[in-house]
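Chemist: Any chance you can model this:
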Amino acid sequence: MSVTREHRTKIVATLGPSSSTEAQIEELFMNGVDVFRLNFSHGEYEEHQARYDAIRAVENKTARPIAIMMDLQGPKLRVGTFADDSIQLEMGDAFRLDLDKTPGDQKRVCLPHPEIFAALKPDTDLLLDDGRLRLRVQECGEDYAETIVAVGGPLSNRKGVNVPGVILPLSPLTEKDRKDLEFGLEMGVDWVALSFVQRPEDIIEAKKLIQDRATVVAKLEKPSAIDYLEEIVEATDGVMVARGDLGVEMPPEDVPILQTRIVKSCRKAGKPVIVATQMLDSMVERPVPTRAEATDVANAVKEGADAVMLSAETAAGAYPVEAVKMMNRIILRCQQEDSYWRFLSEDQPELESTTPDAISAAVYQVAGTIGAKAIATYTNSGSTTLRVSRQRPKAPIICLTPRDDTARRMALVWGVHSTRAPDARSMEDMIETAVHQARIDGFVETNDRIVITAGLPFGTPGKTNILRIARIQPKNQLHETSL
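Modeler: Below is the predicted model of the structure:
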């Protein structure tokens with residue numbers, strides 16, 4: 001079964017009750033999903049294992065590498081419980097937070113997180129229930145905070161707490177996350193999305209546990225992480241713009257600006273970036289999105305994001321397949337516009353003074369000049385493919401790799417059509433394999449040209465130093481090549 005994507009921006013879909021069977025997963029994949037997300041904030045291990053097995057069954061059936069991302073829950077900061085389950089806070093009320101586990105009342109409630117008290121100062125704001133309520137700290141100590149209600153409303157048991165603009169002395173990995181992580185790695189996930197990233201040290205901590213068994217996506221959901229944006233991007237393998245949580249802790253009007261900044265930073269570094277949360281949210285209940293949602297997806301595509309993500313739309317929505325189809329249609333429509341390609345061309349990242357960067361820049365220029373129908377990259381680690389993708393060429397990028405893990409991880413990367421292929425044994429073998437793959441995937445016809453990049457000696461990581469142009473000849477004839 002041949003599966004060839006036309007879209008360059010990839011689609012990430014979250015699995016859940018609406019999308020758990022092999023048949024449902026296959027339908028989502030055939031309609032455009034490149035990466036499946038397993039959300040470990042919900043579900044039992046048996047459910048995640050069954051979904052993982054179904055994805056791999058679809059992968060075997062279609063002979064196309066599919067990426068699987070596990071999303072760790074991270075620390076969940078919540079108030080305790082109330083004697084009457086809920087209270088009503090009014091602006092100007094005095095309200096105390098403390099470590100006393102006695103059920104709360106109109107005057108106080110337990111906040112079972114000493115780490116928060118350790119970071120608080122007078123005039124710090126606390127957001128409750130996804131930002132619906134706001135408390136301002138008047139006085140605080142190591143086990144309490146006296147606050148004034150700045151924005152009131154109902155407050156019920158175990159509602160979430162956010163502390164905007166404050167770096168909390170918390171690891172992003174709870175005991176639950178560590179257990180979940182080991183389970184996911186044993187299953188064989190390709191990407192690990194790390195929640196509650198505040199500093200580059202959080203990425204380093206996670207990578208020590210992962211030990212190259214998967215690659216890491218840093219979820220940027222706290223404004224405090226933006227102070228370390230460049231360092232986090234350097235430390236991680238990929239980034240997710242978690243706009244829902246960002247929108248709780250900062251003004252909504254700042255989120256689009258920050259999204260653009262993060263996407264630009266990731267492209268500069270050659271790290272894949274996912275734009276996530278509420279992209280087609282109305283399609284949880286309706287078969288079509290709002291025009292504003294379609295515009296939101298299109299803006300992320302036009303900015304050059306590697307992927308756009310569906311959450312509840314595919315996990316629990318009534319129209320999961322329709323949501324994927326709609327996202328695919330929006331991406332393809334953007335690609336029809338000359339302005340889209342012109343923007344990507346004008347926003348080229350700065351190159352380093354290295355042979356691999358020189359080759360990738362040459363690949364981009366040569367492919368555009370000769371109108372190449374495809375670019376083939378030979379890679380072990382994926383670094384060659386990432387460099388070429390960073391340039392955002394118009395031609396699709398065929399990633400040829402002998403490693404299953406690399407082929408799957410590259411499924412997240414902009415413009416990449418990854419496939420398993422043995423290391424080339426000679427220059428002729430390199431060209432024949434690349435041409436064969438381009439032909440069977442439907443990218444080329446006779447007399448078309450492709451650009452091929454690899455490294456000598458073949459199979460040596462980090463040695464991208466070859467560029468070849470091949471003209472497609474009729475079958476059973478040698479392909480014409482040139483430098």
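Chemist: What does the pLDDT read for residue 475?
Modeler: Looking at residue 475, its pLDDT stands at 75.
Chemist: now it: how far from residue 432?
Modeler: Using C-beta to C-beta, to the nearest Å, residue 475 is found at 11 Å from residue 432. Backbone N, C-alpha and C define where each C-beta goes, glycine included.
Chemist: more crowded one of these two?
Modeler: Legend: neighbour count by other C-beta atoms under 10 Å for residue 475 and residue 432, higher for residue 432 (15 against 8).
Chemist: how far away is that one from residue 64?
Modeler: Distance from residue 432 to residue 64, by C-beta to C-beta: 21 Å.
Chemist: Using the three-state scheme, assign the residue nearest to residue 120 when sequence neighbours are not counted.
Modeler: Nearest residue to residue 120, sequence neighbours excluded (C-beta to C-beta, 6 or more residues apart in numbering): residue 140, at 4.5 Å. Following DSSP: H, G, I helix; E, B strand; the rest coil, residue 140 is assigned to strand.
Chemist: Pull the contacting residues for residue 135.
Modeler: Taking C-beta atoms under 8 Å, 6 or more residues apart in numbering, we find residue 135 in contact with 95, 97, 125-126, 128, 147-150.
Chemist: On the three-state scheme, it is what?
Modeler: Once three-state DSSP is applied, residue 135 turns out strand.
Chemist: Backbone dihedrals for the closest residue to it other than its chain neighbours, please?
Modeler: Once flanking residues are discounted, residue 135 sits nearest to residue 147: 3.9 Å by C-beta to C-beta, 6+ apart. When quoted as degrees, to the nearest 10, the phi and psi of residue 147 stand at phi -130, psi 160.
Chemist: What of residue 121?
Modeler: Main-chain dihedrals, residue 121, degrees, to the nearest 10: phi -140, psi 160.
Chemist: wait, what's in contact with it?
Modeler: Applying C-beta under 8 Å, 6+ apart, we find residue 121 in contact with 137, 140.
Chemist: Residue 93 too?
Modeler: Taking C-beta under 8 Å, 6+ apart as the test, what residue 93 contacts is 106, 148-149, 152.
Chemist: In strands only, show me those residues.
Modeler: Using DSSP state E, 148-149 are the members of the contacts of residue 93 that sit in strands.
Chemist: tell me which of the contacts of residue 93 is nearest to residue 210?
Modeler: Among the contacts of residue 93, residue 149 lies closest to residue 210 (C-beta to C-beta), at 42.4 Å.
Chemist: Nearest spatial neighbour of that closest one, chain-adjacent residues omitted?
Modeler: Distances taken as C-beta to C-beta, 6+ apart put residue 93 closest to residue 149, at 4.4 Å, once the chain neighbours are dropped.
Chemist: and residue 462, what pLDDT?
Modeler: 68.
Chemist: The one 3 residues further on now?
Modeler: The predicted structure scores residue 465 at 85 on the pLDDT scale.
Chemist: picking up where we left off before, report the buried members of the contacts of residue 93.
Modeler: When these are checked for burial by 16 or more other C-beta atoms under 10 Å, the buried set is 106, 149, 152.
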